[in-house]
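Trainee: Give me coordinates for this.
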Amino acid sequence: MYSSSFKEDLITISNDILIPIDFHEKLVPAIIKYHELLCHSAVINAAGENDREHVKTAHGNAIGPFWAANCVKEVFRTQRFVQGLQQAITDLHSKGREKVHVLYAGTGPFATLALPIMLTFAPAQVQFTLLEINEDSMARLKRLLEELGLMAYVRRIELADAADYILKDTDIDILISETMNLALYREPQVSIMLNLGQQLKKETILIPQEIKVSFLGRWNSGDKIEPVKTLFQFNADYIRQKLQEVGPKRWKFEKSQLALSLQADEQLCYLTDVQIYKDFRLGLNDCSLTLPKLLKPFGLAGEINLEFEYQVSDIPGFLATATKIEQHSRSSNNDNS
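Mentor: Model (predicted):
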């Protein structure tokens with residue numbers, strides 16, 4: 001059993017996270033305490049192998065409970081996702097939707113983004129379908145929700161791979177998933193959103209609304225970044241476009257090409273920009289998702305033709321290929337190892 005003050009503390013934390021100011025004196029203490037309370041309640045073992053172990057799937061890694069818990073500590077990431085979700089729910093209420101149904105894919109052990117919403121709205125205003133693939137995380141989440149008396153907010157809670165899940169309800173208003181890493185590599189965000197997005201009505205809100213990955217050219221430890229080319233803009237329109245082009249489960253992504261003058265072992269990088277909902281965004285260095293992701297050196301110099309293609313697999317991410325233009329030397333770089 002949790003202490004009598006546990007739920008009261010979570011309510012205070014939720015209120016502080018939802019203060020409509022981007023940064024304020026209560027924000028960091030609230031996020032730190034949120035992480036500490038949830039880890040203590042779920043008995044997350046930082047040294048335990050089980051809590052650190054990922055679930056490996058055909059679509060990427062579903063991270064272990066310890067790593068999922070660590071994401072809570074990212075101040076702007078947690079704040080802006082929670083605030084974006086709250087704003088999306090409020091917008092739907094203002095349009096006459098009395099009870100909003102949120103599908104949360106990849107909850108981890110806490111359903112971090114849902115708890116502040118449950119502690120702010122009434123069950124008659126919002127309901128959740130919760131999907132999680134990790135058995136340990138699911139067991140902890142069920143216990144947490146039951147002990148907090150929040151099961152009234154839960155329409156469904158299922159142990160499932162969201163990348164293969166078949167929806168049982170057609171009235172989903174919001175799909176939210178935060179199953180990603182920088183440059184959309186290793187984790188199954190793309191596969192999850194493609195699978196679930198194709199089953200949803202057109203007006204369903206996706207959170208994030210858009211994930212953009214760009215190739216940023218030269219990166220020299222703090223020097224100004226040189227934007228070069230957008231490689232991927234993943235949003236609802238893109239999902240619909242892919243469905244029209246190739247149909248369900250046959251995902252094929254377009255290639256991007258550019259020519260570049262490259263020095264030997266010059267460091268190149270990707271950058272990720274996340275539009276969570278409307279004006280709620282994560283930009284460069286706001287959290288681990290938006291740090292520059294360095295490419296492995298190609299080992300070529302001179303005039304180079306670069307080709308990028310996103311691939312969905314057990315290790316999703318971009319395959320980058322470099323060809324030296326005048327000599328036709330070729331170097332491939334699967335940047336996911």
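Trainee: And the next helix or strand past the helix or strand hosting Leu130?
Mentor: Using DSSP states H and E, Leu130 sits in strand 126-132. Moving toward the C-terminus from strand 126-132, the next helix or strand (DSSP H and E) is helix 135-148.
Trainee: So which elements touch that next one?
Mentor: In terms of contacts (3 or more CB pairs under 8 Å, 6 or more residues apart in numbering; DSSP states H and E), helix 135-148 is packed against helix 4-17, helix 27-42, helix 65-71, strand 126-132, strand 154-159. Any C-beta I mention is one placed from the backbone N, CA and C, and that applies to glycine too.
Trainee: Report the residue spans of the protein with pLDDT below the cut-off.
Mentor: Low-confidence segments of the chain (pLDDT under 70): 1-3, 43, 45-49, 218-227, 247-250, 327-337.
Trainee: one more time with 90, if that's ok
Mentor: 1-4, 39-55, 58, 62-69, 216-228, 241-252, 260-268, 296-302, 325-337 (pLDDT under 90).
Trainee: picking that back up, and of the helices and strands packed on helix 135-148, who's closest to Gln83?
Mentor: Closest to Gln83 of the helices and strands packed on helix 135-148 is helix 4-17 (CB to CB; 7.4 Å).
Trainee: circling back: kindly calculate the angle that the strand holding Leu130 makes with strand 154-159.
Mentor: Counting by axes from the mean of the first three to the mean of the last three CA atoms, to 10 degrees, strand 126-132 points 0 degrees away from the direction of strand 154-159.
Trainee: hmm, back to that, could the helices and strands packed on helix 135-148 go into CSV alongside distance to Val274?
Mentor: Listed next are the helices and strands packed on helix 135-148 as CSV, based on distance: least, CB to CB, whole Å:
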stretch, distance to Val274
helix 4-17, 18
helix 27-42, 18
helix 65-71, 13
strand 126-132, 21
strand 154-159, 26
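Trainee: Quick check: which of those is buried the most?
Mentor: strand 126-132 (a mean of 24; mean count of other CB atoms under 10 Å).
Trainee: Show me what that strand is packed up against.
Mentor: strand 100-105, helix 115-118, helix 135-148, strand 154-159.
Trainee: Residues in contact with the last one: which ones?
Mentor: I take that to be strand 154-159. Strand 154-159 is touched from outside by 101, 127-133, 135, 138, 141-142, 145, 165, 168-169, with contacts defined as CB atoms under 8 Å, 6 or more residues apart in numbering.
Trainee: Lys255 versus Leu216, what's the distance?
Mentor: Distance from Leu216 to Lys255, counting by CB to CB, to the nearest Å: 18 Å.
Trainee: For the two, work out which one has more neighbours and name it.
Mentor: Taking other CB atoms under 10 Å, Leu216 and Lys255 do not tie; Leu216 has more neighbours (19 against 12).
Trainee: ok, and what's touching the helix or strand where that one lies?
Mentor: In the assignment (DSSP H and E), Leu216 maps to strand 210-218. Here strand 210-218 makes contact (CB under 8 Å, 6+ apart) with 180, 183-184, 189, 225-235, 256, 258, 260, 266-275, 292, 306, 308, 310, 318.
Trainee: do that again at 6 Å, thanks
Mentor: For strand 210-218, contacts defined as CB atoms under 6 Å, 6 or more residues apart in numbering pick out 183-184, 225-235, 269-275.
Trainee: next helix or strand past it?
Mentor: As assigned by DSSP H and E, the chain's next helix or strand after strand 210-218 is strand 229-235.
Trainee: what packs against that next one?
Mentor: Strand 229-235 is packed against strand 210-218, with contacts defined by 3 or more CB pairs under 6 Å, 6 or more residues apart in numbering; DSSP states H and E.
Trainee: So for the strand it packs on, what gets flagged as buried?
Mentor: Buried residues in strand 210-218, defined by neighbour count with 16 or more other CB atoms under 10 Å: 210-218.
Trainee: which one among those gets closest to Gly84?
Mentor: Closest approach to Gly84 among the buried residues of strand 210-218 (CB to CB): Glu210, at 12.0 Å.
Trainee: any idea how far that closest one lies from Ser288?
Mentor: Distance, Glu210 to Ser288, by CB to CB: 19 Å.
Trainee: Over to Glu187?
Mentor: According to CB to CB, Glu187 stands 12 Å off from Ser288.
Trainee: Next: His101.
Mentor: Note on His101: its distance to Ser288, by CB to CB, is 30 Å.
Trainee: Between these two, which is the more surrounded one?
Mentor: His101 (19 against 15).
Trainee: Contact partners for Gln263?
Mentor: Counted by CB under 6 Å, 6+ apart, Gln263 has contacts Ala301.
Trainee: coming back round to it: list just the nearest of the buried residues of strand 210-218 to Gln241.
Mentor: Gln241 lies nearest to Glu210 out of the buried residues of strand 210-218, by CB to CB, at 13.4 Å.
Trainee: so what's the closest one bridging to?
Mentor: Using DSSP bridges, the beta-bridge partners of Glu210 come out as Asn235, Gln275.
Trainee: Then the one 4 residues further on?
Mentor: Beta bridges link Ser214 to Thr230, Leu271 when assigned by DSSP bridges.
Trainee: Ok, which of the helices and strands packed on helix 135-148 comes nearest Ile174?
Mentor: Shortest separation from Ile174 across the helices and strands packed on helix 135-148 is recorded for strand 126-132, at 9.2 Å, computed as CB to CB.
Trainee: Since that was my last question, I'll sign off now.
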